[in-house]
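Asker: Attaching a predicted model along with its sequence, questions to come.
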Amino acid sequence: MAQTTVAAPAERKPKKPKRSQFSGMSKALVRRETISAYLFLLPSLVFFIGFVVVPMVICVVYSFMEYSMKGIEGFAGFDNYIRMFQDKTFIRSFWNTVFIVVVAVPTVTAFSLWVSSAIYKMKAFTRSFFRCVFYLPVVTGTVAVTVVWKWIFNAYYGILNQVAGTTGFDWLGNEKTAIWCIIMILFTTSIGQPIVLYVAALGNVDKSLIEAAEVDGATNFQVFWKIKWPQIMPTTLYILVITTINSFQCFALIQLLTSGGPNSSTTTIMYYIFDMVYKFNDFGYANAMGVILALIIAVFSALQFRITKSN
Amino acid sequence: MKSKLSGGSVGYKIFTVIVLILLALFFIFPLYWIVTGSFKDAIAISSRTPVWFPTQFVLDNYEKLFARPALRWLLNTVVMAVSAMLLTCLTASLAGYALAKKRFYGRGILFTIIICAMALPKQVIVIPLLQEMRTLGLADTLLAVILPTVGWPFGVFLMKQFSETIPTEILEAARVDGAGEIRTFATIVFPMIKPGVGALAIFTFVNSWNDYFLQLIMLTSKEKLTISVGIAQMQGEMSSDFGLIMAGATLAAIPIVAVFIAFQKYFTQGISMGAVKG
Amino acid sequence: MKKFLALLLALCMIFSLAACGGSTESAAPESSAPSSTAPEGDTVDLVLWTYPVGTLADNLDGVIAAFNEVHPEINISYELLDYQNGDTKVTSAIQGGTAPDLIFEGPERLVGNWGRNGLMVDLADLWAEDAAGDISTGVAEASQLDGAYYMYPLSVTAHSMAINYEAFEAAGALQYIDEETRTWTTDDFVAAMAAVRDAIDAGTINVITPGIVYCGAQGGDQGTRALVNNLYSGYFTQEDGTAYTADSEENIKALELLKTMVDDGSLDANLSFAAADELQAFANQTCAVTFCWNYSNYVSYAEQTQFTPFVMAFPSDDGVPELEMGMYGFGIFDNGDDAKVEAAKEFIRFVCNDADTAAECIRYTGFFPVHSDMGDVYEGTDEAELKEPFALMSTYLGRFYNLTDGWTEQCALWWPMLQQIFSGTDIQTAVTDYVTQANANIG
């Protein structure tokens, strides 16, 4: 497909692809394209550079500083970064975070794809209904939703214990179950957006190709795998990256439900960073962790680009 | 052939529908509980035995809610979310198209920066951002929330992914026909990525509506707060007025659900357009 | 194309609307920010942030209006913080340079955190003015750090516990408490809780568990601290503040007792509850006691409480409880503007020392005056009778250890330690671990 070849150069290291990116283009055309591209990008770049890149650079600078409530107290070099590897809580929170990501990302992606393929051919009303329903937890707002979940999980009179037939089991207060509770709520708040995107993407799949394949006697699975899957690839990639970022940055749920407990079993990097900023006021260290978290996410995203590309 | 088109055996279809309905109930329940909860009195809402439906509807929670400047908060939130939505859709659709379809110097590095920026946690970035906003004299204004939301590059990434499905040949043909860049974008590109823009609009709207962290840090004056910060403020250390929180959440959910339903049209248009194209 | 243009137009309109709204509204903070350069106008704009203490915040409009009758030149705008997000807001504001002028909270934050970090103005002159010197030494000590007063207090309270009177009565457990002094010994407490448990098992009372030791988050940790400290009269820190002493013989004994009680069902340990959840459970009769009680909580839960919450001191082996003090007052952020500092002090004088206003504000907080010569501010009000037991609790105040070095860090370690103990870690190990980490932050 055209899009896969076009998408390719962007992911490679910026030095080499110049040759392939501009192959078959005259110098004048390249110049013309570059100028017009930047004109298209300009409005977006104003906001992006002004209000994202600038604070981002400041964050990186802070991560090399000794910065507490009193203000910047000195240059820390790589101390903040070295400290991370000796910090037991950080390492624990790193693995908790990875666990959440590894469980949540494939489940959310696969499940939303399944729901979307089930509903996208339904009648307009039914399709809209389901799409809306799965988007509801996103709409409702975290604070109110966690109030409801806390009540569902309540050890003494929560309805989960009634449904599961257990008495007095504390779902959020048990090291083994707490993280699953978090993942489940994260799941309900994460699948709305992918479903909207997948329904749109599946609806845009070229119908003539599907019909042609079916005339040739292809099975449903083959139609999906050979025709639909490649065409919804850009959407899948977006969903993977966004879900990964959201899962890595899962925070408010944990703050409102478990405060990272019991016994640090739900402490994520994000939660730990938050604690470091707003409880311990160690801004230098928190920024360093933020930078590392961003790098980890970027590596995960790069991997996803590679995998989906080779697919 | 017809059965193949509509997908699989009858058994599988029934299974799918049942699972979907059960899941739908599961997903609707929290909102149902919040909406009905907002009409319960203090005893019913904290009762040990679940009150599945309020036996008597009380409006106390809404009275308490509107005793605060809740409508003002709602208006602020609408202004904020709509401005962020429109600006994001415009800037991101232009930028996403350029990133996907133009070949230019610095493309690879720009895209890498965009991904890294998305990965950076907001909880960390918010302090330098507040410092910046204060320097610009924008602290405690809605712009302090709108501008970073528009700058956040999720939209650009989403629109890039959508733009990649545009067949390059069509753009080539337009160029051969002598169409200018802006005309190509407005008459060819934009209609084709419209379902994407529709999705982006709703995502930006909902995300900026719910992103209480940024709003909490940037906004201070009572008359400038947004509804989600207002709701977050209803949680106490020792007690939370659940009825009030739920009334607030219900009030806050109405406009989003309305916007979501309104934008459904755009998704549907996109889908029928796909059919026409084929 | 038309639609595209329409969108563009709509966008411009909305954006300019937002910009107008933003810029007109931003006029207020702008005028307050650079006013250090322009004191000639004689009017001073102050920003007051307040944590929710009683109903004070709801009544601030009236207080400020009264203040403006005396000082029309000082404009005060106030914003309400909440405990869930308040620290986040204040920390960001301090770092972002948008800190308020005045803030209303307790010594842990005002003195122990912001004062310790040199962000607050020393209020020694306000303290010196208080010629009567009728503020108790305990309160005075809690307001200062190394000789600098970072807080000027308005009201105090004692954090106590409460029992469900009717449930205790039905369980035959009232015999174990002294209803006059509202105290009980550790043995009485153990016997009472066992009686409640037996009554639950027998179905005599409709309660699920006798009591909940909550350790799911930091909120309300004063309750669990006081419980552990009182059982065998241990202390939380060394008197000179050089060490945390959770590993003292008394405290370990207390933790062992709690563990035993959890094991035999006369208490429950909950690893996901914070104080707010436990109070909720107390209010809907899931449990029969709460370890986190004061007048403010009484008011918050009054509407949904269908029994008599009977105020009690924490049980103690010698029957002499030592309760933790809760104290609330003002601090001034050092924003480098003398005119504002002076104006802020003027406001503090008015609220805390003007006899009528102070009494009124203290009643709003729901607590008791720091000035002993103010007497009973509730005398003759409807609340007088209600306030009596809480006033009694204030006579049981113990040592104030909340300004010990490393307090914030300690708080973040205390409830995880309890979680460990109640999920099976050896008490000695958990406690030693906690003390080592907490003491590492001293000095």
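Answerer: In hand now; what should we look at?
Asker: the domain parsing of the chain - what is it?
Answerer: Just so you know, I chose chain A. A:2-62, A:89-310 (automatic domain parsing).
Asker: switch to chain C, that's the one I care about
Answerer: According to automatic domain parsing, the domains of chain C span C:44-157+C:326-394, C:159-322+C:400-439.
Asker: could you redo those domains as TSV and give each row mean neighbour count and mean pLDDT?
Answerer: Every residue, glycine included, has its C-beta placed from N, CA and C. Listed next are the domains of chain C as TSV, based on neighbours: other CB atoms under 10 Å in any protein chain shown; pLDDT from 0 to 100:
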stretch	mean neighbour count	mean pLDDT
domain C:44-157+C:326-394	19	90
domain C:159-322+C:400-439	20	94
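Asker: Adding distance to chain B, write these out as TSV.
Answerer: Supplementary listing: the domains of chain C in TSV, determined by distance: least, CB to the nearest CB, whole Å:
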stretch	distance to chain B
domain C:44-157+C:326-394	3
domain C:159-322+C:400-439	4
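Asker: most packed of the domains of chain A?
Answerer: domain A:89-310 (a mean of 20; mean count of other CB atoms under 10 Å in any protein chain shown).
Asker: Centre of the chain to that one, how far?
Answerer: From the chain centre to the centre of domain A:89-310 is a distance of 7 Å (CA atoms, centre = their mean, to the nearest Å).
Asker: Does that domain reach chain C?
Answerer: Yes. Under the criterion of CB under 8 Å from any CB of the partner chain, domain A:89-310 makes contact with chain C via A:150, A:153, A:155-157, A:168, A:170-175, A:178, A:257-259, A:261-264, A:275, A:277-281, A:283.
Asker: What mean pLDDT does the helix or strand that contains B:Thr88 get?
Answerer: Here B:Thr88 sits within helix B:70-101, counting by DSSP states H and E. For helix B:70-101, mean pLDDT is 94.
Asker: near chain C, anything from that helix?
Answerer: Yes. Helix B:70-101 reaches chain C (CB under 8 Å from any CB) through B:Val79, B:Met80, B:Val82, B:Ser83, B:Leu86, B:Leu87, B:Cys89, B:Leu90.
Asker: I'd like to know which of these is nearest to B:Leu20.
Answerer: B:Cys89 (30.5 Å; CB to CB).
Asker: residue contacts, that closest one?
Answerer: Listed by CB atoms under 8 Å, 6 or more residues apart in numbering or on different chains, the contact set of B:Cys89 reads B:Gly155, B:Val197, B:Leu200, B:Ala201, B:Thr204, C:Leu7.
Asker: give me that answer again for 10 Å
Answerer: Counting by CB atoms under 10 Å, 6 or more residues apart in numbering or on different chains, B:Cys89 touches B:Val150, B:Gly155, B:Met159, B:Gly196, B:Val197, B:Gly198, B:Leu200, B:Ala201, B:Thr204, B:Phe205, C:Leu7, C:Leu11.
Asker: Local confidence estimate at the nearest residue to the fourth one once chain neighbours are set aside?
Answerer: In this case it means B:Gly196. Excluding its sequence neighbours, the residue lying closest to B:Gly196 (CB to CB, 6 or more residues apart in numbering or on different chains) is B:Phe162, at 3.2 Å. Reading off the confidence values, B:Phe162 has pLDDT 85.
Asker: what does A:Gln222 give?
Answerer: 85.
Asker: And it, how far from A:Val199?
Answerer: According to CB to CB, to the nearest Å, A:Gln222 and A:Val199 sit 22 Å apart.
Asker: And for A:Ala144?
Answerer: 26 Å.
Asker: got it, and B:Thr220?
Answerer: Counting by CB to CB - B:Thr220 and A:Val199 are separated by 40 Å.
Asker: Return the residues in contact with residue 245.
Answerer: Let's take chain A. A:101, A:105, A:294, A:297-298, A:300-301, B:115, B:118-121, B:154.
Asker: Please refer instead to chain B.
Answerer: A:141, A:143-144, A:147, B:34, B:37-38, B:45, B:61, B:65, B:231-235.
Asker: go on, A:Val139?
Answerer: A:132, A:145, A:189, A:192, B:31, B:202, B:206, B:209-210, B:249, B:252-257, B:259-260.
Asker: go again using 7 Å as the cut-off
Answerer: B:Val206, B:Ala253, B:Ile256, B:Val257, B:Phe260 (CB atoms under 7 Å, 6 or more residues apart in numbering or on different chains).
Asker: could you pick out which of those are near chain A?
Answerer: Applying CB under 7 Å from any CB of the partner chain to these, one finds that B:Val206, B:Ala253, B:Ile256, B:Val257, B:Phe260 fall near chain A.
Asker: Give me the pLDDT for the second one.
Answerer: In the prediction, the pLDDT value recorded for B:Ala253 is 90.
Asker: Same question for B:Pro167.
Answerer: 85.
Asker: gap between it and chain A?
Answerer: 6 Å (CB to the nearest CB, to the nearest Å).
Asker: Could you do C:Ser92 as well?
Answerer: Distance from C:Ser92 to chain A, by CB to the nearest CB: 8 Å.
Asker: list the contacts for that residue?
Answerer: With CB under 7 Å, 6+ apart, C:Ser92 has these contacts: B:Val126, B:Ile127, B:Leu130, B:Ile217.
Asker: biggest separation within these, which pair?
Answerer: B:Ile127 and B:Ile217 (8.1 Å).
Asker: Give the bridge partners for the closest residue in space to C:Tyr298 that isn't next to it in sequence, please.
Answerer: Leaving aside its sequence neighbours, C:Tyr298 sits nearest to C:Pro309 (CB to CB, 6+ apart; 6.4 Å). For C:Pro309, the beta-bridge partners are C:Asn164 (DSSP bridges).
Asker: Below-threshold pLDDT in the stretch 51-200 of chain A: ranges please.
Answerer: Filtered on pLDDT under 70, the stretch 51-200 of chain A yields no residues whatsoever.
Asker: The chain: strands as residue ranges?
Answerer: Using chain A. Secondary structure of chain A (DSSP state E): strands at A:65-68, A:71-75.
Asker: wait, I meant chain B there
Answerer: Taking DSSP E as the criterion, chain B carries no strands.
Asker: Residue ranges in it under the pLDDT threshold?
Answerer: B:1-8, B:267-278.
Asker: repeat that for 50
Answerer: B:1-7, B:270-278 (pLDDT under 50).
Asker: quick one: A:Phe47 and A:Gly290, what's the gap?
Answerer: From A:Phe47 across to A:Gly290, the span is 21 Å (CB to CB).
Asker: is the longest helix seen in chain A up against chain B anywhere?
Answerer: Once chain A is assigned using DSSP state H, the helix that runs over the most residues is helix A:88-119. Yes. Helix A:88-119 is in contact with chain B by CB under 7 Å from any CB, via A:Ala118.
Asker: Tell me how far that helix lies from the chain's centre.
Answerer: On CA atoms, centre = their mean, the centre of helix A:88-119 falls 9 Å from that of its chain.
Asker: Which elements pack onto that helix?
Answerer: Helices and strands touching helix A:88-119, as assessed by 3 or more CB pairs under 7 Å, 6 or more residues apart in numbering or on different chains; DSSP states H and E, comprise helix A:124-140, helix A:175-190, helix A:192-203, helix A:233-248, helix A:269-278.
Asker: Pick the most deeply packed of the strands of chain A.
Answerer: strand A:65-68 (a mean of 20).
Asker: quick one: strands adjacent to that one?
Answerer: strand A:71-75 (antiparallel).
Asker: out of the contacts of C:Ser92, who's near chain A?
Answerer: Within those, those near chain A by CB under 7 Å from any CB are B:Ile127.
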